[in-house]
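1. sequence plus predicted model, see below.
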Amino acid sequence: MYKRLGFVTGLICAVPLSAAPQTEYSWQCNFTERSVCGATTCTTKKSPAKGGVWIYLTPSQQSYYRCEGDNFDDCDHYKATITDSGAFKTFELPGRAAFAKVGADLSVTEVVTQMDLVYINRGRCMSAPPPLIRTGG
């Protein structure tokens, strides 16, 4: 019996655990699905391919941009608290009841609350260089 237990323990320990994703740049995360939950029900629908809500995360700068539309003209910028949690990198917005989790496969789940509603956005991230900074002129 102890031989089997040792064998099973060895198999479990031999399985590599996924680590939180790393990037030298940032992630642009586009959502493909949104669930809206109230006190008694949730509804889920596909997110629009263009012009919907998306996020841009920069771990090195602790930046969390929440954008609507096709570019950076309509974005809200937040300072995020970033932590690793197993296979996920978590971006929390202190005091805003909102966070995003990026998985090792660059899947993303964002949870945002507004009044008594909970919005759950799911999608994918891609590594992206920082946005160009516009100067007056």
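-> In hand now; what should we look at?

2. my read is that Asp116 contacts Thr40, right?
-> No: using Cβ atoms under 8 Å, Asp116 is not in contact with Thr40; the gap is 10.7 Å. Quick note: C-beta positions are derived from backbone N, CA and C, even for glycine.

3. these two: which is more packed in?
-> A count of neighbours by other Cβ atoms under 10 Å puts Asp116 above the other of Asp116 and Thr40, at 8 against 5.

4. what stretches of the chain score poorly on pLDDT?
-> Within the chain, the stretches with pLDDT under 70 are 1-17, 49-50, 130-137.

5. which parts of the protein are helices?
-> With DSSP state H, the ranges of helices along the chain come out as 2-14.

6. just the strands in it please.
-> Taking DSSP state E as the test, the strands found in the chain are 26-37, 42-46, 53-58, 63-68, 75-79, 81-85, 88-93, 98-103, 107-114, 117-128.

7. contacts for the fourth one, please.
-> Spelled out, it's strand 63-68. 26, 51-57, 72, 74-80, 91, 93, 100 (Cβ atoms under 8 Å, 6 or more residues apart in numbering).

8. give me the angle between that strand and strand 26-37.
-> 60 degrees (axes from the mean of the first three to the mean of the last three Cα atoms, to 10 degrees).

9. how far off centre is strand 63-68?
-> 11 Å (Cα atoms, centre = their mean, to the nearest Å).

10. now do the last one
-> On the basis of Cα atoms, centre = their mean, strand 117-128 sits 5 Å off its chain's mean C-alpha point.

11. do the same with stretch 57-65
-> On Cα atoms, centre = their mean, the centre of stretch 57-65 falls 11 Å from the chain's centre.

12. flag every buried residue along that stretch.
-> 57-59, 63-65 (16 or more other Cβ atoms under 10 Å).

13. tell me how far the ends of it are from each other?
-> 6 Å (Cα to Cα, to the nearest Å).

14. and stretch 31-43, what's buried?
-> Under 16+ other Cβ under 10 Å, the buried positions of stretch 31-43 are 31, 34, 37.
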